[in-house]
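Visitor: Need coordinates for the following:
(one chain, ligands or ions: 1)
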Amino acid sequence: MTADPTELRALAVGIATAAGELALRRRREGVEIAATKSSIVDVVTAADREVEAFIRGRIAEARPGDAFLGEESDASAGSSGLTWVVDPIDGTVNYLYGIPRWAVSVAVVEGEDPATWSALAGCVVNPSLGEVFAASARGGASLDGRPISAGEPPGLGTSLVATGFGYDAAIRTAQAQAASRVIGSVRDLRRAGAAALDLCDVAASRLDAYWERGLAPWDFAAGALIAAEAGAVVSAADVRDGRRLVTASAPAIAAEFAELLLAAGA
Ligand code: IPD
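Guide: Modelled structure (predicted):
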């Protein structure tokens, strides 16, 4: 079976778009919390589970030999060397509150370790806005089919930067302290609640940089490829106490941004 990134990208776009329609329909019908996970504020809705099952079914139909890693169900092994990494609803809390910033994120990667895997294709859909971000390895990144590229900010001081916080209260407090050491050195900070979209925003020059420690592979697999293919400098290799730091930034500020994060203890 082919591992052609362009074909995988088309498949990812088709599946993520259909999954986005399903999630949006469920959102309009009303959302209820089905369970909590790592903490009382880390929720899963029935839609998260239904949308993941939908995506999983579509992948199994199209590519039965591929492995699967998703946020809401058990991982399964494959025989092809490729793994689909899926967040059915990234930005679950926004979804719950009706804030139109949540996404379906679908990526396919070669290899298993997020630090070393090679992403072949990815798609992030924001169904509320009808926006579709996509990329394939060495094929560039697009928004609604048009090429996108990371920005060219003149310096860090005028750069718009985003971050995110985890669900554990103590970790979130430490993350906010690190953010307080960053905010004085940049234009401003955003915390918009969906990591996949934050990464896509760096790809589309809507943000100059983004960082977050503690992301799970499904939060960033597709968005990181989209940002990298748009020319952003992306890193997901730094892991401390089991918590991975994911960064994406416009190339012109990448070195300065990395130094600032280090000094801030991010
Ligand atoms: C969360 C969002 C959020 C980020 C959290 C993630 P979820 O994903 O991406 O922006 O700050 O760290 O866990 O739980 O909505 O899929």
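Visitor: Give me every residue in the chain lying close to the ligand.
Guide: By the rule C-beta under 6 Å from any ligand atom, the part of the chain lying against the ligand is 71, 87, 90-92, 164-166, 193-195, 212, 214-215, 219. Using the backbone N, CA and C atoms, a C-beta is placed for each residue, glycine as well.
Visitor: Next step: the residues you listed restricted to strands.
Guide: 87, 90, 212 (DSSP state E).
Visitor: Out of the residues of the chain next to the ligand, which one has the weakest pLDDT?
Guide: pLDDT is lowest at Glu71 among those; the value there is 86.
Visitor: Check which residues of the longest helix along the chain are buried.
Guide: Longest helix of the chain, by residue count under DSSP state H: helix 5-29. Buried positions in helix 5-29, judged by neighbour count with 16 or more other C-beta atoms under 10 Å: 5, 8-9, 11-13, 15-20, 22-24, 26-27.
Visitor: and that helix, average pLDDT?
Guide: For helix 5-29, the per-residue pLDDT averages 96.
Visitor: Grab the CA positions of stretch 48-59 and hand them over as PDB.
Guide: The C-alpha coordinates for stretch 48-59 follow below in PDB (Å, rounded to 0.1, in the frame of the first residue of the first chain):
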ATOM      1  CA  ASP A  48     -15.100  13.200  21.400                       C
ATOM      2  CA  ARG A  49     -15.600   9.500  21.600                       C
ATOM      3  CA  GLU A  50     -18.100   9.300  18.700                       C
ATOM      4  CA  VAL A  51     -15.900  11.400  16.400                       C
ATOM      5  CA  GLU A  52     -12.800   9.300  17.200                       C
ATOM      6  CA  ALA A  53     -14.600   6.100  16.500                       C
ATOM      7  CA  PHE A  54     -15.800   7.600  13.200                       C
ATOM      8  CA  ILE A  55     -12.200   8.600  12.200                       C
ATOM      9  CA  ARG A  56     -10.800   5.200  13.300                       C
ATOM     10  CA  GLY A  57     -13.400   3.400  11.200                       C
ATOM     11  CA  ARG A  58     -12.600   5.400   8.100                       C
ATOM     12  CA  ILE A  59      -8.900   4.900   8.500                       C
END
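Visitor: What lies in contact with it?
Guide: 15-16, 18-19, 22-23, 26, 34, 66, 68, 70-73, 84, 86, 88-89, 92, 104, 106 (C-beta atoms under 8 Å, 6 or more residues apart in numbering).
Visitor: Closest residue of the chain to the ligand?
Guide: Residue nearest to the ligand within the chain (C-beta to the nearest ligand atom): Gly164, separated by 2.5 Å.
Visitor: which SS class is Phe54?
Guide: helix (DSSP: H, G, I helix; E, B strand; the rest coil).
Visitor: which residues does the residue nearest to the spatial centre of the chain contact?
Guide: By C-alpha atoms, centre = their mean, the mean C-alpha position of the chain lies nearest to Ala196, the distance being 2.4 Å. Contacts for Ala196 (C-beta under 8 Å, 6+ apart) come out as 87, 90-91, 103, 105, 124, 219-220, 222-223.
Visitor: mind redoing it with 7 Å?
Guide: Neighbouring residues of Ala196 by C-beta atoms under 7 Å, 6 or more residues apart in numbering: 87, 90, 103, 105, 124, 219, 222-223.
Visitor: Among those, filter down to the buried ones and hand me the PyMOL syntax, if you would.
Guide: Here is the PyMOL command that selects only those of those that count as buried (16+ other C-beta under 10 Å):
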select buried, resi 87+90+103+105+124+219+222+223
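Visitor: The residue of the chain closest to the ligand is in contact with Ala194, isn't it?
Guide: No. Counting by C-beta atoms under 7 Å, Ala194 is not a contact partner of Gly164; they are 8.2 Å apart.
Visitor: Mind jotting down where the strands sit in the stretch 51-200 of the chain?
Guide: 67-70, 82-90, 103-110, 118-126, 131-136, 140-143, 146-147, 160-163, 188-190 (DSSP state E, counting those that start in this stretch).
Visitor: Quick one: buried ones out of the residues of the chain next to the ligand?
Guide: In the residues of the chain next to the ligand, burial by neighbour count holds for 71, 87, 90-92, 164-166, 193-195, 212, 214-215, 219, counting by 16+ other C-beta under 10 Å.
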